[in-house]
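Q: When you get a sec, could you give me coordinates for this:
(chains A and B)
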Amino acid sequence: GAGVSQTPSNKVTEKGKYVELRCDPISGHTALYWYRQSLGQGPEFLIYFQGTGAADDSGLPNDRFFAVRPEGSVSTLKIQRTERGDSAVYLCASSSFRQGVDEQFFGPGTRLTVL
Amino acid sequence: ELKVEQNPLFLSMQEGKNYTIYCNYSTTSDRLYWYRQDPGKSLESLFVLLSNGAVKQEGRLMASLDTKARLSTLHITAAVHDLSATYFCAVDPALTQGGSEKLVFGKGTKLTVNP
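A: Next up, the predicted model:
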């Protein structure tokens, strides 16, 4: 079956602009996660959804970042007034807890460049 | 705050040799994951370790977990060039039984296997 997909794969924007990044999780996965990976670093947690609700948004760096998952499937990460420091690869993952095992499957990421 | 440390961060080895990557973490957890990342690609799940003493093997890679020592190892046997990649360990800080909530990643170990 299809894996996690993310669009766009690359996004170049200017400082101060608004961007939206989209994630399509694996069908049937109830949990969805957003991470941010800077060059040479491991992914850092941003936000986690269980169904439609954000169960943990403690990783969002500030109020310029917001994410939604209105129907419990596709999620959109929104960044307002982008700054150069927002440049990174934004990774989405989904999971489904089954038989005591929970494994996060990652999408290909969106590479965001803020000029 | 959970901290995850990997070492070494860079590893250059010759084909046919053995080596071990270490992953230490700072707070109690019994869920640890290993991922592989090729340049410009997303994360590929390698192992899910869910209990003390868990050992899993796939091909030339073997992972183990010691929850009392808060240590996981990824052992490489008779390395081949195709194993060149960055390897991340990630710890789930959730203490309750149930689905994963977020992962805290190490900085990664960049492995280069030379012919």
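
Q: in what helix or strand does the spatially closest residue to residue B:16 that is not a sequence neighbour lie?
A: With Cβ to Cβ, 6 or more residues apart in numbering or on different chains as the measure, residue B:78 is the residue that lies nearest to residue B:16, at 5.4 Å, once sequence neighbours are left out. The C-beta positions use only the backbone N, C-alpha and C, and glycine is treated the same way. For residue B:78, there is no host helix or strand (DSSP states H and E).

Q: Output the set of residues of chain A in proximity to chain B.
A: Counting by Cβ under 8 Å from any Cβ of the partner chain, chain A comes close to chain B at A:31, A:33, A:35, A:40-45, A:48, A:50, A:55-56, A:59, A:91, A:93, A:95-97, A:100-109.

Q: can you list the residues of chain B near chain A?
A: Selection of chain B residues close to chain A by Cβ under 8 Å from any Cβ yields B:4, B:31, B:33, B:35, B:41-45, B:48, B:50, B:88, B:90, B:92, B:98-108.

Q: how does it look with 6 Å?
A: For chain B, the residues in contact with chain A (Cβ under 6 Å from any Cβ of the partner chain) are B:42-43, B:45, B:48, B:88, B:99-102, B:105-108.

Q: Can you turn the buried part of those residues into a PyMOL selection?
A: Provided next is the PyMOL selection string for whichever of the residues of chain B next to chain A are buried by 16 or more other Cβ atoms under 10 Å in any protein chain shown:
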select buried, chain B and resi 42+43+48+88+99+100+101+102+105+106+107+108
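
Q: Just put the residues of chain B next to chain A in JSON lines and tack on distance to residue B:74.
A: Below are the residues of chain B next to chain A laid out as JSON lines (distance: Cβ to Cβ, whole Å):
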{"residue": "B:42", "distance to residue B:74": "19"}
{"residue": "B:43", "distance to residue B:74": "14"}
{"residue": "B:45", "distance to residue B:74": "13"}
{"residue": "B:48", "distance to residue B:74": "13"}
{"residue": "B:88", "distance to residue B:74": "10"}
{"residue": "B:99", "distance to residue B:74": "24"}
{"residue": "B:100", "distance to residue B:74": "20"}
{"residue": "B:101", "distance to residue B:74": "24"}
{"residue": "B:102", "distance to residue B:74": "21"}
{"residue": "B:105", "distance to residue B:74": "14"}
{"residue": "B:106", "distance to residue B:74": "11"}
{"residue": "B:107", "distance to residue B:74": "14"}
{"residue": "B:108", "distance to residue B:74": "12"}
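
Q: Which pair of the residues of chain B next to chain A spans the longest distance?
A: With Cβ to Cβ as the measure, no two of those lie farther apart than B:99 and B:107, at 25.6 Å.

Q: Which residues does stretch A:81-91 contact?
A: Outside stretch A:81-91, the residues that touch it by Cβ atoms under 6 Å, 6 or more residues apart in numbering or on different chains are A:13, A:16-17, A:19, A:21, A:35-38, A:43, A:64, A:79, A:106, A:109-114.

Q: And the helices in chain A, which stretches?
A: Secondary structure of chain A (DSSP state H): no helices present.

Q: Okay, now the unreliable bits of it?
A: A:1, A:98-101 (pLDDT under 70).

Q: since we're on residue A:25, how many residues are nearby?
A: Applying other Cβ atoms under 10 Å in any protein chain shown, we find 28 residues neighbouring residue A:25.

Q: same question, the one 3 residues further on
A: Neighbour count for residue A:28, taken as other Cβ under 10 Å: 9.

Q: Measure how buried residue B:73 is and give me the count.
A: Number of residues near residue B:73 (other Cβ under 10 Å) recorded here: 16.

Q: thinking again about what came up before, now, the residues of chain B next to chain A that are in strands?
A: Assigned to strands by DSSP state E, the following of those qualify: B:43, B:45, B:48, B:88, B:105.

Q: Sounds good, over and out.
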